[in-house]
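Make a model of this:
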Amino acid sequence: MPIKSILCVYGGEHHEAAALEAACRLAARAKAELRILHPMPPVAVYPDLYGVDVASLEMDSLALAGRAEKAARDAALIAGLAFYREADLGPDAVAPRAIFAAVIGYVNDLVPAAGRACDLIVAGRDDIEVHSDIDAIMAALLDTCTPTLVVPRGAEAAFAFAEPGQAVALAWDGSAAAGRALRGLNLVLAPGQTVDLICVRPKRNAPLVCPTDGAVRWAQLHGYTARVVNSGPFAMSDGEAILVNARQGGADLLVMGAYGHSHWREMLLGGATDHILKHGELPLLLCH
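Numbers count the residues shown, from 1 in each chain. Down below sits the predicted model:
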C-alpha cells in the first residue's frame, strides 16, 4: 500500500526532532503529503484562582509555535519538500509537500480527528526513563486505525524508513494484532527485502493460533523473504524477549501489533506493547 498521507505530531520539543526529520524524509521519498500538527493547549481559564499570568502563557505558547514552525520548515526544505502554512495552502499546491498546522486543542482530541484519515502517523519518543511523553502515541494507537511510527530521540535508523538496506523485524504470535502488523509490512518493505519473524513461544509451549507458515507465505506472495526466528518460551516477559531478539538480529525497525489485550489490562498486568514502548530503543511501527 503506497503512503500518500502522513501526519506528524510535533510539539516542538527536542526529543521530537528525529520523528520530524523521519516524517519529512519519508514524505519526500513517497511523494506524499505531510501534515505537521502542532497542538497548542488552551491557556488556564482560572488565572485569579491560581495566580497564573494568562498573557505570559499565551506569549510562551505562540513563541513555541513559532520555533516549531521554523524547525518544521527547515526539516521540510532539507528533505526537498515544498512548505506551507495550513492557512496559506492554495488549490495549486501539489505533493510532495509539508503543511504546518498550529491548532488550539488537546492532543487527545486533535490526533484522532486528524489521524483517522491518513496512511501513517509519526510521533517522537523521549528517553526510555521518561514515561510522560506518550499522550500523542496513545491517542494514535487507541483512537485511530492508522499505523503509527514511534521514533525515539536521536534514532537515526528511522531516517532510512522503507529503504532497501534497512533491517526489519516483525513480532509474530499468530494473533489478530500480529496479523495487522503483518499487513503493515507493505508500508516499510521494498520488493526483495527480508523480514525476521520473531516468534516467541507461549509460556506453556501451546501452539500458535496462526502458525508462522501462513506469515511466511504472505511475505512470499508480496515479494518479500521471511526468516523465522523461533525462541522461547522464556522466563522473561514476551516484551523483553522480543527486544532481545530484535537487538541480536540487528533490527533497525520493529513492526508489531499494539495492545492485543486491552490497554488498561496491559497497564495493570503488564504486556508486550507497554514494555516495548517504555524500554525499546529502536523505531517501532505499531498497528492497532
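
phi, psi of residue 23?
When read as degrees, to the nearest 10, the backbone of residue 23 gives phi -60, psi -40.

quick one, what contacts it?
Residue 23 makes contacts with 6, 8, 34, 36, 122, 149, as judged by CB atoms under 8 Å, 6 or more residues apart in numbering. C-beta coordinates here come from the backbone N, C-alpha and C atoms, glycine included.

tell me which element the fourth one falls in.
With elements taken from DSSP states H and E, the one containing residue 36 is strand 33-40.

cool, the first one as well?
Counting by DSSP H and E, the secondary-structure element that holds residue 6 is strand 5-9.

what are the ranges of the helices in the stretch 151-288 of the chain?
Across the stretch 151-288 of the chain, reading from the start of the chain, the helices by DSSP state H, counting those that start in this stretch fall at 176-184, 212-221, 238-248, 263-269, 272-279.

Could you tell me how far the third one lies from the centre of the chain?
For helix 238-248, the separation from the chain centroid amounts to 19 Å (computed by CA atoms, centre = their mean, to the nearest Å).

what's the answer for stretch 91-99, then?
Taking the mean of its C-alpha atoms, stretch 91-99 sits 23 Å from the chain's own mean (CA atoms, centre = their mean).

Give me the contact list for it.
Contacts of stretch 91-99 from elsewhere in the structure, counted by CB under 8 Å, 6+ apart, are 4, 24, 27-28, 30-36, 72-73, 75-76, 79-86, 89.

out of these, which are inside helices?
When DSSP state H defines the helices, the subset of the contacts of stretch 91-99 inside them is 24, 27-28, 30, 72-73, 75-76, 79.

Nearest to residue 201, out of the residues you listed: which one, please.
Within these, distances to residue 201 taken as CB to CB reach their minimum at residue 30, with 36.3 Å.

For residue 108, which non-adjacent residue is spatially closest?
The shortest distance from residue 108 to any non-neighbouring residue, by CB to CB, 6 or more residues apart in numbering, is to residue 139 (5.1 Å).

host element of the one you found?
Secondary-structure element containing residue 139, defined by DSSP H and E: helix 135-143.

swap in residue 101?
With DSSP H and E as the criterion, the answer for residue 101 is strand 97-104.

from the middle of its chain, how far away would whatever helix or strand comes next after that strand be?
Under the assignment DSSP H and E, the closest C-terminal helix or strand after strand 97-104 is helix 107-115. From the chain centre to the centre of helix 107-115 is a distance of 14 Å (CA atoms, centre = their mean).

Check stretch 11-30 too.
A distance of 11 Å separates the C-alpha centroid of stretch 11-30 from that of its chain, computed with CA atoms, centre = their mean.

Next one: residue 84 from residue 39, what distance?
Here the distance between residue 84 and residue 39 works out to 19 Å (CB to CB, to the nearest Å).

okay, those two: which has more neighbours?
For residue 84 versus residue 39, neighbours defined as other CB atoms under 10 Å are more numerous around residue 39 (24 against 17).

show me the contacts for residue 146.
Taking CB under 8 Å, 6+ apart as the test, what residue 146 contacts is 7, 115-116, 118-121, 140.

redo that, cut-off 7 Å
With contact set as CB atoms under 7 Å, 6 or more residues apart in numbering, residue 146 has these partners: 115-116, 118, 120-121, 140.

so residue 104 bridges to which residues?
Here residue 104 sits in beta bridges with residue 40, going by DSSP bridges.

looking at the helices of the stretch 151-288 of the chain, which has the lowest confidence?
Comparing mean pLDDT over these, the weakest stretch is helix 263-269, at a mean of 43.

Residue 144 is in contact with residue 115, correct?
Yes: counting by CB atoms under 7 Å, residue 115 sits close enough to residue 144 to count as a contact (4.1 Å).

Spell out which residues are contacts of both of the two.
Here residue 115 and residue 144 share the contacting residues residue 121, scored by CB under 7 Å, 6+ apart.
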